[in-house]
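Colleague: Sequence and predicted structure are below.
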Amino acid sequence: MEGMERRDFLVGAGLLAVAPTASSAGQGVDWGTVRREFRLDPALTNLGLFYLASNPREVRDAVDEFRRRLDANSHDLMPEQAQEVAVALGQYVGGAADDIAFVPNTTMGLSIVYGGLKLRAGQELLLNDQDHAWHQQAARLAAGRAGAKVRIGTLYENPAKATEDEIATRLRNSITPQTRAVGITWVQSSTGLRMPVRACAAVVTEANRDRKQEDRCLLVVDGVHGLAAVHDDPARMGADVFVAGTHKWLFGPRGTGMVWVNPEVSGEIVPMLPSLSDRSETALLGPGGFHAFEQYFGVRAAVRFHQRLGRDRVAARITELAARFKDGLADVPGVVVHTPRDPATSAGLVCFDVPGHSGPEVVELLRQKQIQITTASYRIPYARVGTSILNTPEEIDRTVREISALAR
Ligand SMILES: Cc1ncc(COP(=O)(O)O)c(C=O)c1O
C-alpha cells in the first residue's frame, strides 16, 4: 500500500498525524498514538521491548476473538486462518505462503531446520561465535544425531568496524566440501551488527557451484532481530532458510514464529515431528498436535499492524532512535559502543560497555532508575539497548544521561 492510499489508511486508523511531525523518520506517523495502542507500564523506560513482544490492541483483540470462537466450539479449528497467516507472513517477507511453516519461536524453528536437514556422517554445520547459544545448540544436537559436527568460526575482528569484505572473505575461507549448512544471524544480539546476508549468500552460491543437490550447502539465517526492524525482504536476500520468532520486533502473540524455506531446497529438510498442516511441503515442518491456535492466528493482525505503519517507516524510526542513542554515547567518556555506527550494518540493537561496570551491573543500575535494558549471555555480555518504535527520543536522552552518570 503506497502513497495516498496508505496515508488514508493510517489516518483512518488514527496512527498518522495530520500535521507532519518534526522528525524525518516520523514521516507523518504519530508515534505517540502508536504507543498508546500498547499496554506498557507508563512508569518504565523500556529499551528491551524486542525481547518478548508487548501486543498492540488489534493483536490482543484478534487473539480474544479467536479464543472466543474456540471456547464456543473447539472443533472449529479455522484452517482458513492458518492460510491467512501464511499469506500475510509470505507477503511481509517477500515470499510465498507455501514456503512458510509455523513454529513456536526462533529456537524451535532452528532446531527443526537443522534437525530435519538431510545431514550425513562426516558433514558439518558451520556457525560462528556470535550466533545465539540456542542456535548453536540446535546445530550441535542435530549434528550429534547424524554423526556430523559443528564448527564455530569467527567472521570479523571487531564488530564496530567489520566490513562486508572481511566477513565474506573469512566465510569463503571457512567453507569446506563437507559444509552442509552455514548458519548466520541477521542482526546479532551479541553485538548489534547487521550481517551482510547477500554477500554471505554469494559466497555460499559460489561454494555450491560444482556440488550435487544432496551436498548443497544451505545458508540458514536466524533473522529474529531483523524481522520488522530492517526494511528488506528476508525471502529475497539469497538465504535458503530464514527463521524468526514473530513475538519480538513484529509484536505478534507470544509463542509464535516462522520458518521460510527456499522452495529449491525444501526437499533437503524433512519434518522432525508430525504436523497438523498439509498446506505445503514446507508447512509440514511446523510441529503438530494442537496448539494455542488463538496465538498463531493473531500473527496476521501483527503483520497488518506493521504493514499499515509501513516497514520502511518502522525501520527508519528504529534507526533514527538507535543513531540518537549511539550519538549520545559517543559523547560519554570511556563508554565503548560495539555496534557499527553505519545504519547499513546495524539495526535496532546497540551493545556497549560502561567503564567500571559489567553488562549485568549496568542493567541492574539502570533498573533502579526505572530503565529496562538487557544483556545477553554471550562470552562477553555487553549492556544492550533495543530502540523500538514505541520508544521516544526523550527516553533515549534520559538513558544516555543515566549512563553518563554511571560512567563518571
Ligand atoms: C539472535 C537470537 N536468536 C534466537 C533467540 C531465541 O529466540 P526465541 O525466544 O524466539 O526462541 C534470541 C533470543 O532472544 C536471539 O537473540
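Modeller: Perfect, I can see it now.

Colleague: how about the strand ranked longest in the chain against the ligand, any contact?
Modeller: Using DSSP state E to define each element, the chain has its longest strand at strand 179-185. Yes - Strand 179-185 lies within reach of the ligand by Cβ under 6 Å from any ligand atom, at T185. C-beta: built from backbone N, CA, C; applies to glycine.

Colleague: Quick check: mean pLDDT of that strand?
Modeller: Per-residue pLDDT values across strand 179-185 average out to 98.

Colleague: Following element in sequence after that strand, please.
Modeller: As assigned by DSSP states H and E, the chain's next helix or strand after strand 179-185 is helix 197-207.

Colleague: what's next to that following helix, contact-wise?
Modeller: Residues outside helix 197-207 that contact it (Cβ atoms under 8 Å, 6 or more residues apart in numbering) are 164, 167-168, 171-172, 175, 179, 182, 184, 186, 217-219, 221, 237-240.

Colleague: and it, C-alpha only, in PDB?
Modeller: Taking Å, rounded to 0.1, in the frame of the first residue of the first chain, the C-alpha atoms of helix 197-207 are listed here in PDB:
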ATOM      1  CA  VAL A 197      23.300 -11.700   4.200                       C
ATOM      2  CA  ARG A 198      23.500 -11.100   0.500                       C
ATOM      3  CA  ALA A 199      27.300 -11.200   0.500                       C
ATOM      4  CA  CYS A 200      27.300 -14.400   2.600                       C
ATOM      5  CA  ALA A 201      24.700 -15.900   0.200                       C
ATOM      6  CA  ALA A 202      27.000 -15.100  -2.800                       C
ATOM      7  CA  VAL A 203      29.900 -16.900  -1.100                       C
ATOM      8  CA  VAL A 204      27.600 -20.000  -0.400                       C
ATOM      9  CA  THR A 205      26.400 -19.900  -4.000                       C
ATOM     10  CA  GLU A 206      30.000 -19.900  -5.200                       C
ATOM     11  CA  ALA A 207      30.800 -22.900  -2.900                       C
END
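
Colleague: Give the buried residues for it.
Modeller: By neighbour count on 16 or more other Cβ atoms under 10 Å, the buried set for helix 197-207 is 197, 199-204, 207.

Colleague: Over to stretch 65-85?
Modeller: For stretch 65-85, a neighbour-count test (16+ other Cβ under 10 Å) marks 66-67, 69-70, 77, 81-85 as buried.

Colleague: Quick one, which of the contacts of helix 197-207 are buried?
Modeller: The buried subset of those - by 16+ other Cβ under 10 Å - is 167-168, 171, 175, 179, 182, 184, 186, 217-219, 221, 237-240.

Colleague: In strands, which of those fall?
Modeller: Judged by DSSP E, these include 179, 182, 184, 218-219, 221 as members of strands.

Colleague: So which residues on the stretch 101-250 of the chain come close to the ligand?
Modeller: Contact residues (Cβ under 6 Å from any ligand atom) of the stretch 101-250 of the chain with the ligand: 105-107, 132, 134-135, 185, 189, 222, 224-225, 245.

Colleague: Sort out which of those are buried, if you could.
Modeller: Among these, those classed as buried by 16+ other Cβ under 10 Å are 105-107, 132, 135, 185, 189, 222, 224-225, 245.

Colleague: could you dump these to a markdown table with secondary structure?
Modeller: Putting those into a markdown table (DSSP: H, G, I helix; E, B strand; the rest coil) gives the following:
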| residue | secondary structure |
| --- | --- |
| N105 | coil |
| T106 | helix |
| T107 | helix |
| H132 | coil |
| H135 | helix |
| T185 | strand |
| S189 | coil |
| D222 | strand |
| V224 | coil |
| H225 | coil |
| G245 | strand |
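
Colleague: Taking those, tell me the two that lie furthest apart.
Modeller: Pairwise distances across these (Cβ to Cβ) peak at 15.0 Å, for the pair N105 and T185.

Colleague: Tell me who's in contact with the nearest residue to A62 once chain neighbours are set aside.
Modeller: Ranked by Cβ to Cβ, 6 or more residues apart in numbering and with sequence neighbours excluded, the top spatial neighbour of A62 is A301, at 3.8 Å. Each residue near A301 by Cβ under 8 Å, 6+ apart is listed here: 58-59, 61-63.

Colleague: In the stretch 101-250 of the chain, what residue spans correspond to helices?
Modeller: Per DSSP state H, counting those that start in this stretch, the stretch 101-250 of the chain carries helices over the ranges 106-116, 133-146, 164-174, 197-207.

Colleague: will you turn the ones you listed into a markdown table that also has distance to A316 and mean pLDDT?
Modeller: Below are these laid out as a markdown table (distance: least, Cβ to Cβ, whole Å; pLDDT from 0 to 100):
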| stretch | distance to A316 | mean pLDDT |
| --- | --- | --- |
| helix 106-116 | 25 | 98 |
| helix 133-146 | 28 | 98 |
| helix 164-174 | 22 | 98 |
| helix 197-207 | 20 | 98 |
